[in-house]
Structure formats: structure tokens, C-alpha cells
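Engineer: give me a 3D structure for the following:
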Amino acid sequence: MKFAYQGIPGSYSESCIKENYPNSETIPCRTFQDAFELAKSNKEVKALVPEQNQLIGSINIETLVLKYRMNIFAEHFYPINHCLLAIKGTNIDKIKDVYSHTAALSQTNAFIKKNKFNEHVMADTAGSALFISNLKDTTKAAIASERSAKIYNLQVLNNNIQDEKTNFTRFLVFQKEIVQPKFNSNLKFITSFLFKLKNKPSALFQSLTGLSLRQVNMTKLQSFPEKGTFSSYYFFCEVQGHIEEEKVSGALSDLELHCSEFQLLGVFKQSSFRDK
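Structural biologist: Residues are numbered from 1 along each chain as shown. This is a model prediction of the structure:
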């Protein structure tokens, strides 16, 4: 399999791909949109994109999900372990400046303040590791993954430096072709979909009533405005269960009655991480 991802080798996205699909080919992309474009134009390529982080919340890919409307193939929860990386032979006392993605900097705020580092925002974590590797300045360091240290020949001065030690990012895998696993009562599934409500009072409350009455558990509901307006909203929603289950199909049929637009995005196996 081939996977497109935002970033360069050593990024958490690439690390997630390597852990879950060890024999796959990875294709680095400049932006999330570039990864979506590649998967949309080539059925041989899937796009793995971060959807939500345990600490900072949504990664805000919903508008791209709406634009490309590709099938969601799988979900993966990957641990984020930030490390302080520097040129080999230096030590932490020499470090004055740290470079990383804004999310990584915010997640390691206490560590940065404790060591009185000057922060510098970069486009991504692995990119900051490459920058430090090329710079060869012993007063500067990157906050990135341990895999980045190996790729760019850097020294790990400290690991697990994030403020909250338990830190996971949920990644979604998108593909052009629609693939839906067969229902198996011994397995757990997630059904994902987009919808836009009709313009009427209490539309959201009424649309979700069927889920409650049929005891379907909702795991995600996120709204975002339709392009060019603040009066019309789309909802990105996920529920536990397979669409072939009577209670799930019935609840979605009830919901569609209140929608001006509805689209199934995917049915995929629920990650075992959710059981922890």
C-alpha cells in the first residue's frame, strides 16, 4: 500500500503509518490538502491525516473532509512522545532556542519555561529536526519524535517532555474507493457521516432523537460553517456500530428526514484503543 501524509520522514504521521502498515510506501506532502489531492486522484494511494489530539482537540480537517468526501478506511490512535533533539555532543545546559510546530510547543510549555528556552515556530516537528541537523548549532534544539533523531542523526537530550504524559492523536485513513467491512457481531465498528440540517427550529435536537431512542452511542459531533456563510452548518458525526445493524440504519434514516444533505463517509473497525 501507498500512503500520503503531511510532513517529512520522522513526522508523527509517518511514524503512525510505519507502525500500522510496516511494509507500505510513504509519500510526504507539503499540506493536508496535498495528501487529500493525491489520494483523490490515485486509487492506489491512501491519505493518513491527524483528526484530533487528546490535549489540543480537533486538528480542523473537517473542511477538507467535506471538500473531498472520500471513504474513511480506518482509524488509528498513535502516542505522541515529544523529545528534545540536538546536535550530538551537546548537552541541555547549552540549549537556548527550541524549534517545533506550534502544537508541540504548546504541549511542552512547562518544560520550555522551566529551562528558559526561546521558542521558534516551525511548519512541523520533523521539519524542525531537519533544520537543527542542517544548522549544526549546539545552542539550538528541536522538539520532535525519537524517530526524527534517528533519521536526522541527532541526540535525544530528553524524552517524554510533554506536560501531559498521556498524549494520543487520532489519525484517519482516507481513500478514493468505497470499501465497507462486512458486519460481524463479534467486532466493534464506527459509522462516520456528514449532514446538513434543514432550516427549521430545533432541527438538531429532532435529528438526533432517533439515536437516543434506538440507544446508538455517538462518539463525535462537530459543526463547521458552510463556505461563505455563518447561517448554514455542516456536521461531522460518528456513531458506534455498523450501518447494517438495524438500530444504526434506523437511527440514520430518522436523521435523514431532518437533513437537506446527508453523506455516509465510511464504516470501519473500531480501534482497540477505545476499549482502554
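Engineer: these two touch, right, F193 and Y234?
Structural biologist: No - counting by CB atoms under 8 Å, F193 stays clear of Y234, with 10.7 Å between them. Placement of C-beta: from N, CA and C, glycine included.
Engineer: now the element after the helix or strand encompassing Y78, going C-ward?
Structural biologist: Applying DSSP states H and E as the criterion places Y78 in strand 71-79. Read in the C-terminal direction, the helix or strand following strand 71-79 is strand 83-86, with elements assigned using DSSP H and E.
Engineer: gap between that next one and the chain center?
Structural biologist: Strand 83-86 sits 23 Å away from the centroid of its parent chain (CA atoms, centre = their mean, to the nearest Å).
Engineer: so what strands line up beside that strand?
Structural biologist: For strand 83-86, the paired strands and their directions (DSSP bridges) are strand 140-144 (antiparallel), strand 155-159 (antiparallel).
Engineer: mean neighbour count, those strands: which tops it?
Structural biologist: Greatest average neighbour count among these goes to strand 140-144 (a mean of 29), per mean count of other CB atoms under 10 Å.
Engineer: which outside residues touch it?
Structural biologist: Judged by CB atoms under 8 Å, 6 or more residues apart in numbering, the contacts made with strand 140-144 from elsewhere in the structure are 10, 82-86, 95-100, 104-105, 108, 117, 122, 125-126, 128-129, 131-132, 148, 154, 157, 161.
Engineer: now, those residues that are in strands?
Structural biologist: 83-86, 97-100, 122, 157 (DSSP state E).
Engineer: which pair of those spans the longest distance?
Structural biologist: Between any two of those, the greatest separation by CB to CB is 17.7 Å, found for M122 and L157.
Engineer: in the chain, which helix or strand is least confident?
Structural biologist: Within the chain, confidence by mean pLDDT, DSSP states H and E is lowest for strand 57-58 among all helices and strands, at a mean of 88.
Engineer: show me which positions of the helix or strand that it is followed by end up buried.
Structural biologist: Proceeding N to C from strand 57-58, the next assigned helix or strand is helix 62-68, under DSSP H and E. Counting neighbours by 16 or more other CB atoms under 10 Å, one finds that the buried residues in helix 62-68 are 62-66, 68.
Engineer: where do the helices sit along the stretch 101-250 of the chain?
Structural biologist: Read by DSSP state H, counting those that start in this stretch, the stretch 101-250 of the chain holds these helices, from start to end of the chain: 102-107, 109-114, 125-135, 146-151, 203-213, 246-256.
Engineer: off-centre distance for the first one?
Structural biologist: Relative to the chain's own centre, helix 102-107 is displaced by 15 Å; criterion: CA atoms, centre = their mean.
Engineer: and the residue nearest the centre of the chain?
Structural biologist: If you average the C-alpha coordinates of the chain and look for the closest C-alpha using CA atoms, centre = their mean, you land on P50, 1.5 Å from that point.
Engineer: check contacts around it.
Structural biologist: 12-13, 59, 61, 169-171.
Engineer: how is it assigned, secondary-structure-wise?
Structural biologist: Three-state assignment for P50 (DSSP: H, G, I helix; E, B strand; the rest coil): strand.
Engineer: let me know the pLDDT of it.
Structural biologist: According to the predicted model, the pLDDT of P50 comes to 97.
Engineer: roughly how far does it sit from C16?
Structural biologist: In this view, P50 and C16 are 8 Å apart by CB to CB, to the nearest Å.
Engineer: overlap in contacts of those two?
Structural biologist: When CB under 8 Å, 6+ apart defines a contact, the residues bordering P50 and C16 alike are 169, 171.
Engineer: what's in contact with stretch 91-109?
Structural biologist: The set of residues that contact stretch 91-109 without belonging to it, under CB under 8 Å, 6+ apart, is 53, 55-56, 80, 82, 84, 86, 112, 115, 117-125, 127-128, 131-132, 138-144, 157-158, 161-164, 167.
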